[in-house]
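> Below: sequence and its predicted model.
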Amino acid sequence: MTSYEAALQAKLEACDAVVGVIGMGYVGLPLAVRAAAQGFRVLGFDVSPERVAQLNAGESYIGDVTSEALGQLRANGNLEASNAIERMAECDLLVICVPTPLNQTRDPDLSYIEAATRDIAQSLRPSHLVILESTTYPGTTCEVVQPILDERGLVVGHDYFLAFSPERIDPGQTSSQGFGVDNTPKVVGGVTAACTKLTSAFYRQITSQVVEVSSPAAAELTKLFENIFRAVNIALVNELALLCDRMNLNVWEVIDAAATKPYGFMKFTPGPGLGGHCIPIDPFYLTWKARAYDLVTRFIELAGEINTQMPRHVHDLVVRVLNRQRKALNGSTVLLLGVAYKPDVDDYRESPAFKVMDLLVADGATVITCDPHIDSFVSHAGEVYQTTPLTDELLGSCDCAVIITNHSAFPYQRIVELAPGVVDTRNATRMLSAELRERVVLI
């Protein structure tokens, strides 16, 4: 063990290290709060002055972290936000939690990772530990991050330490509800054995279990596999939904019946399309990387094709509902209930609501959006939209209401009673009476 490794190991085990978290979003902020709550001094870095000001005022902007908890950590001095990259020199370890979107050609966009790594490189010193948490393709840590850091002339595994540990944040969930930072196992893959050891020492202080793998690439692929597993199974059940619609069968009844099998079955449900920061994007990272090995990941790509059909299917269900009223889609008013990609959160990244809205508007419909968690949102085209409060008058005046997101705050009985037609993409109306359910078209 080198002197650098020993010194950092002692700091980590005593929770005496200064932790820098780069990117104070849905991943970085819960991580920063958890580390600070365990006694680490945490510096949160973000390019947004507004976010930095809010955090330093003790105001949370995501549902997973309360302002009360944030305020307590600010008061005791364990958490501070900054956009001054030179302060990275104060940190003993730096965790990269920045976005990894796709570009216009659906290829990986690593510009945020590269920018964060260059910022770190300016302050890199012996005994620094750098951890990448952003979801990416296998090879990113060693092929993209390490070369930038190596330019400083330090030796990885001896002078500084580098690892990948994928984020496993489920927005809208905390440990009291299901799984949060503290009780979700962390996968760790270091460039060297010393890198893995030190990274594990950090995460053992803030979470219940650490799972070590042989390399950063193995950890990177683990994250992709987790989400591709979900994407493929969602595609299977979406295809089943399309078939059940043609066979005049209730796909939800079939799924619930199959789920009674106590072994060999895992329940997935259909929906209006994929949303969120991972599942719609992660498969493309792996299929892009696979092409470098002359392999076409046909199974994964087929799943993507099926899932991208679902907004069109929702559009067609709206047309069906309007036909029953002897109305055309052109000129009709369609009410989309829910902009967020999942229930009871304000996160609308990659929400299927956008594609459904685009398809309806393209055919002449007037689309109004309601979401109790979102006041305004920015579409893929960069347009800013305001959501509308849900009222009885609005329900009665629309031609069709479409349940995109099954928020618990929505009054489903009132929706079905007042709207002339309803498309339910989430089976949110399942608890209503059989008489009311006859008025609903399910996905």
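The structure has been received and is ready for your questions.

> alpha carbons only for contacts and neighbour counts from here, please
Fine.

> which residues of the stretch 51-200 of the chain fall in strands?
Secondary structure of the stretch 51-200 of the chain by DSSP state E, counting those that start in this stretch: the strands cover 79-82, 93-96, 129-132, 161-164, 186-190.

> quick one, which of the ones you listed is nearest to Lys11?
Nearest of those to Lys11, taken as Cα to Cα: strand 93-96 at 10.5 Å.

> If I take the longest helix that the chain contains and strand 186-190, what angle do their directions form?
Among all segments of the chain classified by DSSP state H, the helix with the greatest residue count is helix 216-247. In this structure, helix 216-247 runs at an angle of 140 degrees to strand 186-190, with axes from the mean of the first three to the mean of the last three Cα atoms, to 10 degrees as the basis.

> Now do the buried residues in the helix or strand just after helix 216-247.
On the C-terminal side of helix 216-247, the closest following helix or strand by DSSP states H and E is helix 251-258. Of the residues in helix 251-258, those scored as buried under the neighbour-count criterion (16 or more other Cα atoms under 10 Å) are Val251, Trp252, Ile255.

> Now do helix 251-258: distance to the chain's middle.
27 Å (Cα atoms, centre = their mean, to the nearest Å).

> For it, the averaged confidence score.
Here the mean pLDDT over helix 251-258 is 98, rounded to a whole number.

> and this protein, what are its domains?
Annotated domains of the chain cover 3-214, 258-442 [automatic domain parsing].

> And for the nearest residue to Gly139 once chain neighbours are set aside, the neighbour number?
What sits nearest to Gly139 in space, not counting adjacent residues and going by Cα to Cα, 6 or more residues apart in numbering, is Ala217, at 5.2 Å. Neighbourhood size, Ala217 [other Cα atoms under 10 Å]: 22.

> ok, now which ones touch Ala217?
Under the criterion of Cα atoms under 8 Å, 6 or more residues apart in numbering, the neighbours of Ala217 are Tyr137, Pro138, Gly139, Thr140, Thr141, Gly189.

> Need those residues in JSON lines (columns: distance to Gln413).
Output for those, formatted as JSON lines (distance: Cα to Cα, whole Å):
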{"residue": "Tyr137", "distance to Gln413": "45"}
{"residue": "Pro138", "distance to Gln413": "47"}
{"residue": "Gly139", "distance to Gln413": "50"}
{"residue": "Thr140", "distance to Gln413": "49"}
{"residue": "Thr141", "distance to Gln413": "50"}
{"residue": "Gly189", "distance to Gln413": "49"}
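
> out of these, which is most surrounded?
By neighbour count, taken as other Cα under 10 Å, the most surrounded of the contacts of Ala217 turns out to be Gly189 (28 neighbours).

> mind checking how far it is from Thr222?
When Cα to Cα, to the nearest Å is the yardstick, Gly189 and Thr222 sit 10 Å from each other.

> Where does the residue of the chain most remote from its centre sit, in terms of helix or strand?
No residue in the chain sits farther from the centre than Arg326, which is 40.1 Å out by Cα atoms, centre = their mean. In this assignment (DSSP H and E), Arg326 forms part of neither any helix nor any strand.

> Torsion angles phi and psi at it?
Here the main-chain torsion angles of Arg326 (degrees, to the nearest 10) amount to phi 60, psi 40.

> quick one: it and Gly421, what's the gap?
Summarising the geometry, the distance separating Arg326 from Gly421, computed by Cα to Cα, is 12 Å.

> where are the low-confidence patches of the chain?
For the chain, residues meeting the criterion pLDDT under 70 lie at 173-177.

> hmm, 80 instead?
171-178, 277, 380-382 (pLDDT under 80).

> Could you find the closest non-adjacent residue to the spatially most central residue of it?
The residue at the geometric middle of the chain, judged as the C-alpha nearest the mean C-alpha position with Cα atoms, centre = their mean, is His277 (3.3 Å). Nearest non-adjacent residue to His277, counting by Cα to Cα, 6+ apart: Arg349, 5.9 Å away.

> Please confirm that the one you found is located within a helix.
No. For Arg349, which was evaluated using DSSP: H, G, I helix; E, B strand; the rest coil, the result is coil, with no helix membership.

> Kindly provide the distance from it to Gln205.
When distance is defined by Cα to Cα, Arg349 is 31 Å away from Gln205.

> List the contacts of the one helix or strand Trp288 maps to.
With secondary structure defined by DSSP H and E, Trp288 is part of helix 282-291. For helix 282-291, the external contacting residues (Cα under 8 Å, 6+ apart) are 106-108, 135-138, 224, 227-228, 231, 296-297, 300-301, 304.

> so which pair among the residues you listed is furthest apart in space?
Considering Cα to Cα, no two members of these lie farther apart than Thr135 and Val296, which are separated by 21.0 Å.
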